[in-house]
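Trainee: Return atomic coordinates for the entry below.
(one chain, ligands or ions: 1)
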Amino acid sequence: MGMKRGRESRNLAKKASKKQRVEDTVDNAEGIVGIDDLNWQTVQLPDRLGDIGGFFGLEEIDGVDIIKPESSGQIKFKVAADKPTKSILKKTEHADETPNDNIEEWSGFSDGEEQEVEAQKKQKTKKKSEYAKQKNPADEKKPAAKKEQRQPNAKGGKPDEKIQSLPFTALDEEVEDEVDVSAWDSLGLSPALQTSLSKLKFSTPSTIQQAVIPEVLAGHDVVGKASTGSGKTLAFGIPILEYYLGTRGQHGTPKEKKKKESQPIALILSPTRELAHQLAKHIGTLNSHTPAANARIALLTGGLAIQKQQRLLADADIVIGTPGRVWEILSSGTGLIQRMSRVKYLVLDEADRLLSDGHYKELEEILDALDRKEDNEEAEDSPSESEEDEEKEDATVARQTLVFSATFHKGLQQKLSGKGKFMSSDLMNKSESMEYLLRKLKFREEKPKFIDVNPISQMAQGLKEGILECGAIQKDLYLYTLLLYHPNHRCLVFANSISSVRRLSQLLQNLGIPALALHSSMEQKARLRSVERFSSPDADPSSVLVATDVAARGLDIKGIDMVIHYHVPRTADMYVHRSGRTARAGASGKSVLICAPDEVVGVARLVGKVHAQAEAGAPTKRNPLESLELDRRVVSRVKPRMTLAKKITESTLAKEKISSEDNWLRNAAEELGVDYDSEEFEKQGGKAKGRGRGGGRLQKEKEAGSITKAEMAGLRAELKQLLSKRINIGISERYITAGRVNVESLLRGEGNNKAFIGLVDKLEF
Ligand SMILES: Nc1ncnc2c1ncn2[C@@H]1O[C@H](COP(=O)(O)OP(=O)(O)OP(=O)(O)O)[C@@H](O)[C@H]1O
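Mentor: Numbering: from 1, shown residues only. Below you'll find the model as predicted:
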């Protein structure tokens with residue numbers, strides 16, 4: 001039998017006299033015990049119940065029978081016959097001596113088991129890192145082996161021109177060599193972190209890192225704005241690890257370590273799951289290359305098991321997550337909000353996205369909860385001496401808020417001022433964005449440092465921008481042709497809807513292009529798999545990822561050569577972020593907008609805004625887009641493949657849709673206990689039959705879905721044949737010397753692309 005009691009009763013019971021205890025012990029000999037001898041377990045209550053007045057909490061005990069002896073009138077308990085007494089009774093000398101208690105039998109709470117395994121693992125890792133340190137004590141003192149290994153371009157120029165593209169994916173390989181990191185000297189980093197940077201071959205800080213790191217280390221709140229791919233992650237990641245080393249690494253005093261180990265030092269919020277995963281990977285890599293650092297990172301994102309994340313959070317040093325899941329875990333946990341409110345760093349990555357639609361509500365809940373706890377703590381009664389000491393220590397832990405993005409757009413301003421309807425894609429200037437961020441975020445300082453390292457343009461320096469005009473219904477054809485013009489280019493294609501992503505990825509696959517899809521209604525594991533496969537060093541060099549804007553922000557994938565906007569982005573900032581997936585960390589890259597005639601004016605305006613030189617007084621609008629021309633003959637020769645591939649794709653998608661609708665109706669009918677016959681249902685008008693709104697589309701879908709298996713096989717065979725032939729350009733079927741054919745190169749079997757025979761005018765872009 002089990003029982004629950006209010007926590008207050010235990011406190012009263014604690015005041016019971018010694019005499020009473022003796023009585024209990026006497027009764028105990030007969031197996032009967034008092035309330036205080038039981039090993040009550042605290043019932044964990046969610047934080048949201050914390051505010052209920054006068055309620056101290058609940059405790060429970062399992063495996064006892066309740067007895068009410070007549071003499072004393074007090075409730076007594078008897079351990080149930082089949083239960084081990086050791087875990088039910090409080091630990092006393094007597095109990096410890098009981099030979100028959102089977103501890104193992106009762107200690108089997110699965111969570112406890114896992115925690116223990118975790119603890120053992122940690123112990124092992126700790127030993128390992130201590131061992132590593134013993135083996136190489138020089139690591140501690142020397143910043144890094146200063147080998148003469150300066151990278152090319154490492155001299156002169158602005159810092160960003162010096163940084164080489166070293167995406168973290170490269171770091172999966174074991175790093176042997178170290179590089180000269182003296183360029184970091186002025187930032188005042190610890191030798192351990194310098195060693196890590198050296199191992200990672202980050203010889204020079206980027207502009208944003210150079211500007212932000214000293215300010216954060218000096219204890220300031222920072223709003224950092226820098227172009228995409230400029231290294232913002234480490235601009236906050238390095239100071240966080242530096243703080244970790246100073247307080248919890250081997251440099252922290254034992255008192256500091258003990259006190260602080262129970263609470264995380266940083267909460268980093270990101271708008272998308274993929275970005276959160278990437279942040280954890282990047283900071284984790286820096287951590288694992290830093291001698292004496294063993295920071296525990298908890299990743300809290302939707303789509304993955306919540307229980308595991310809750311457990312990780314219990315002893316995390318750095319918490320990284322999306323606002324929805326972070327709030328879900330914090331609000332349903334016990335004491336988590338209070339622990340989290342003591343974080344040293346609150347980081348908002350891609351802050352303008354976090355502060356706008358979709359995430360805003362949960363972010364606000366998190367910010368309010370963290371601040372509410374702080375307020376409560378401030379309002380507590382006058383502190384005792386030791387509390388005063390602790391407060392002094394806590395003052396040094398006062399939270400720093402760090403806010404980063406490549407853009408701050410005016411839609412955010414409208415949103416925060418409560419006029420959310422007006423959708424502006426203008427980008428905010430420095431004073432506007434500061435004003436609104438200041439209003440919303442509870443910065444510690446009256447004026448956080450606003451560091452804008454790219455006041456003129458948010459676009460990366462190595463980025464080329466182009467526009468490809470075509471009819472609205474020709475976009476598929478132009479997309480495919482553009483890809484054919486760029487063999488061995490890793491491309492990221494953006495579309496504005498999930499259905500377009502599904503359709504385009506299948507269409508390209510049918511055309512023999514290794515295309516993957518990424519959108520928010522995919523299962524989380526499939527999402528991660530797509531990113532992983534696309535970014536793998538072993539991936540086909542012509543891989544294409546077709547994605548919604550879920551991939552627009554922050555994703556750092558090595559070697560994306562070209563970003564294609566199949567649909568025009570909805571806002572100027574989205575154009576910046578999408579395009580920023582290429583030309584990262586000093587590399588070069590291309591961004592191409594595929595544009596229908598009626599979109600051109602809007603696009604010119606959008607791009608003009610992005611390039612407006614806001615700092616130079618009156619914005620000077622220029623159109624930096626290069627107009628691209630594809631050889632029309634190539635386009636027309638590609639057309640038959642496209643027509644076939646479209647037919648196959650539409651038919652496959654229609655079949656999928658019909659079968660899932662049918663399944664749905666069948667299940668619904670089964671639940672209602674009625675028979676379902678799809679033909680009968682249609683006859684009775686259950687589905688639109690080609691008249692009225694959407695009827696035409698449905699009719700088309702129905703036709704597409706009605707292609708038989710044999711017809712489909714025929715279409716596929718025909719397409720396969722077309723794909724196996726090269727596209728014949730500039731060569732008259734009869735006169736091989738016609739057109740712009742370089743006969744010599746033809747004889748050598750060369751075209752400028754394995755898809756074409758003959759020379760296609762190169763896109764000088
Ligand atoms: N100091 C450095 N030297 C060389 N490479 C660096 C340095 N710092 C960061 N990088 C590389 O730059 C790439 C981009 O960094 P990061 O993802 O932090 O950019 P970001 O500014 O956050 O971009 P976005 O705005 O798109 O999120 C990373 O792959 C990283 O390897």
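
Trainee: Measure how buried residue 548 is and give me the count.
Mentor: Other residues lying near residue 548 total 19 when counted by other CB atoms under 10 Å. Where C-beta positions appear, they are placed from N, C-alpha and C, glycine not excepted.

Trainee: Quick check: phi and psi at it.
Mentor: For residue 548, the backbone dihedrals (degrees, to the nearest 10) come out as phi -80, psi -170.

Trainee: To which secondary structure element is whichever residue of the stretch 501-650 of the chain sits closest to the ligand assigned?
Mentor: Closest to the ligand within the stretch 501-650 of the chain is residue 585: 3.3 Å, counting by CB to the nearest ligand atom. Under the criterion DSSP states H and E, no helix or strand holds residue 585.

Trainee: my guess is it contacts residue 229, does it?
Mentor: Yes. The criterion here is CB atoms under 8 Å, and residue 585 meets it with residue 229 at 5.4 Å.

Trainee: out of those two, which sits in the busier spot?
Mentor: Higher neighbour count among residue 585 and residue 229: residue 229, with 27 against 20, using other CB under 10 Å.

Trainee: ok, now how distant is that one from the ligand?
Mentor: Computed with CB to the nearest ligand atom, to the nearest Å, the distance linking residue 229 and the ligand is 5 Å.

Trainee: ditto for residue 237
Mentor: The value you get for residue 237 to the ligand, if CB to the nearest ligand atom is used, is 8 Å.

Trainee: tell me which element the spatially closest residue to that residue that is not a sequence neighbour falls in.
Mentor: Leaving aside its sequence neighbours, residue 237 sits nearest to residue 283 (CB to CB, 6 or more residues apart in numbering; 4.5 Å). Using DSSP H and E, residue 283 sits in helix 273-288.

Trainee: which helices and strands does that helix pack with?
Mentor: helix 232-247, strand 297-300, strand 318-321, helix 524-535 (3 or more CB pairs under 8 Å, 6 or more residues apart in numbering; DSSP states H and E).

Trainee: Now mean neighbour count and mean pLDDT too, for those, in a markdown table please.
Mentor: As requested, the helices and strands packed on helix 273-288 are exported to a markdown table (neighbours: other CB atoms under 10 Å; pLDDT from 0 to 100):
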| stretch | mean neighbour count | mean pLDDT |
| --- | --- | --- |
| helix 232-247 | 24 | 95 |
| strand 297-300 | 24 | 95 |
| strand 318-321 | 27 | 96 |
| helix 524-535 | 17 | 92 |
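
Trainee: Now render these as JSON lines, adding distance to residue 706.
Mentor: Putting the helices and strands packed on helix 273-288 into JSON lines (distance: least, CB to CB, whole Å) gives the following:
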{"stretch": "helix 232-247", "distance to residue 706": "51"}
{"stretch": "strand 297-300", "distance to residue 706": "46"}
{"stretch": "strand 318-321", "distance to residue 706": "47"}
{"stretch": "helix 524-535", "distance to residue 706": "29"}
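
Trainee: do you know which of these lies nearest residue 579?
Mentor: If you check each of those against residue 579 by CB to CB, helix 232-247 wins as the nearest, at 16.2 Å.

Trainee: CA atoms only: put the closest one into PDB for me.
Mentor: Provided in PDB are the C-alpha atoms of helix 232-247 (Å, rounded to 0.1, in the frame of the first residue of the first chain):
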ATOM      1  CA  LYS A 232      29.100  34.900 -34.800                       C
ATOM      2  CA  THR A 233      28.700  31.500 -33.100                       C
ATOM      3  CA  LEU A 234      32.200  31.600 -31.600                       C
ATOM      4  CA  ALA A 235      31.800  35.300 -30.800                       C
ATOM      5  CA  PHE A 236      29.600  34.100 -28.000                       C
ATOM      6  CA  GLY A 237      30.900  30.500 -27.700                       C
ATOM      7  CA  ILE A 238      34.400  31.500 -26.800                       C
ATOM      8  CA  PRO A 239      33.500  33.800 -23.900                       C
ATOM      9  CA  ILE A 240      31.100  31.200 -22.600                       C
ATOM     10  CA  LEU A 241      33.800  28.500 -22.500                       C
ATOM     11  CA  GLU A 242      36.200  31.000 -21.000                       C
ATOM     12  CA  TYR A 243      33.800  31.600 -18.200                       C
ATOM     13  CA  TYR A 244      33.300  27.800 -17.800                       C
ATOM     14  CA  LEU A 245      37.100  27.400 -17.500                       C
ATOM     15  CA  GLY A 246      37.400  30.100 -15.000                       C
ATOM     16  CA  THR A 247      34.700  28.800 -12.700                       C
END
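
Trainee: tell me the angle of that helix relative to helix 273-288?
Mentor: 40 degrees (axes from the mean of the first three to the mean of the last three CA atoms, to 10 degrees).

Trainee: and helix 232-247, what other elements does it pack with?
Mentor: Using 3+ CB pairs under 8 Å, 6+ apart, helix 232-247 is in contact with helix 191-199, helix 207-217, strand 222-225, helix 254-260, strand 266-269, helix 273-288, strand 345-348, strand 400-405.

Trainee: what do you get if the cut-off is 6 Å, keeping everything else the same?
Mentor: Contact here means 3 or more CB pairs under 6 Å, 6 or more residues apart in numbering; DSSP states H and E; on that basis helix 232-247 packs against helix 207-217, helix 273-288.
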